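Q: fold the following, please.
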Amino acid sequence: MTAANPSVFLLMVNGQVESAQGLEEGISQITSKSQDVRQVLVWNFPIDVTFKSTNPYGWPQIVLSVYGPDVFGNDVVRGYGAVHVPFSPGRHKRTIAMFVPESTSKLQKFTSWFMGRRPEYTDPKVVAQGEGREVTRVRSQGFVTLLFNVVTKDMRKLGYDTGPADTQDIPR
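A: All right, here's what the predicted structure looks like:
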């Protein structure tokens with residue numbers, strides 16, 4: 001493989017799962033609500049990943065699953081969300097709407113609350129793909145903010161136009 005005729009492109013992503021608003025609490029990295037009026041959960045959980053591919057089919061996504069204790073101390077889902085990694089290089093900020101699956105009847109809702117076994121997805125691909133989710137009852141559950149940097153290599157040489165970066169003015 002020569003540098004003039006690459007056969008693959010690279011996608012490098014680093015950044016952090018910064019914070020959440022509207023969620024009660026989470027345990028992926030232990031945090032509690034801030035004491036100010038915003039009541040934000042701050043994680044600053046690092047992201048650092050590199051992908052190598054020959055085509056953009058199945059472009060990577062970041063899938064989040066946030067869990068936290070209920071009133072009985074059982075770990076239950078507090079929210080799911082997903083976002084595609086931006087195609088264009090640069091610094092990006094994304095706000096992901098989180099959701100939780102809900103029971104379909106009041107009896108199921110009470111039983112799941114009492115037993116500490118609330119509805120949740122067993123496969124994270126369900127959140128990423130969306131297939132079959134149209135029959136799932138969900139409730140909105142806050143937002144999670146991600147900050148990340150995207151670097152690509154050899155995409156233009158392989159004929160992919162990443163266009164101008166859709167970055168926002170994010171202070172460094």
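
Q: longest strand of this structure?
A: Assignment by DSSP state E gives strand 138-153 as the longest strand of the chain.

Q: name the residues of it that are buried.
A: Residues 141-150, 152 are the ones in strand 138-153 that count as buried (16 or more other Cβ atoms under 10 Å). C-betas here are computed from N, CA, C, even on glycine.

Q: out of these, flag the one nearest to residue 7.
A: Using Cβ to Cβ, residue 152 comes nearest to residue 7 of these, at 15.3 Å.

Q: correct me, but that closest one touches residue 6?
A: No - contact criterion Cβ atoms under 8 Å: residue 152 and residue 6 do not qualify, at 11.6 Å.

Q: of the buried residues of strand 138-153, which is the nearest to residue 11?
A: Proximity of these to residue 11 (Cβ to Cβ) peaks at residue 152, which lies at 5.6 Å.

Q: follow-up on the earlier one: would CSV of the buried residues of strand 138-153 with distance to residue 159 and pLDDT be doable?
A: Shown next, in CSV, are those (distance: Cβ to Cβ, whole Å; pLDDT from 0 to 100):
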residue, distance to residue 159, pLDDT
141, 41, 89
142, 40, 91
143, 36, 94
144, 34, 93
145, 34, 94
146, 29, 95
147, 30, 95
148, 25, 91
149, 24, 95
150, 19, 95
152, 13, 93
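
Q: ok, the residues you listed vs residue 83, which is closest?
A: Residue 83 lies nearest to residue 146 out of the buried residues of strand 138-153, by Cβ to Cβ, at 6.8 Å.

Q: looking at the protein, which helix is longest?
A: With secondary structure taken from DSSP state H, the chain has its longest helix at helix 106-115.

Q: buried ones in that helix, by neighbour count?
A: Buried residues in helix 106-115 (16+ other Cβ under 10 Å): 112-113.

Q: just how off-centre is it within its chain?
A: 28 Å (Cα atoms, centre = their mean, to the nearest Å).

Q: quick one: mean pLDDT over that helix.
A: The predicted model assigns helix 106-115 a mean pLDDT of 84.

Q: ok, the residue lying closest to residue 49 once chain neighbours are set aside - contacts?
A: Counting by Cβ to Cβ, 6 or more residues apart in numbering, residue 13 is the residue found nearest to residue 49 once chain neighbours are left out, at 5.3 Å. Neighbouring residues of residue 13 by Cβ atoms under 8 Å, 6 or more residues apart in numbering: 47-51, 60, 85, 148-151.

Q: same question, residue 44
A: Counting by Cβ under 8 Å, 6+ apart, residue 44 makes contact with 16-19.

Q: immediately after the one helix or strand it maps to, which helix or strand?
A: Using DSSP states H and E, residue 44 maps to strand 41-53. Next in sequence after strand 41-53, counting helices and strands by DSSP H and E, comes strand 61-69.
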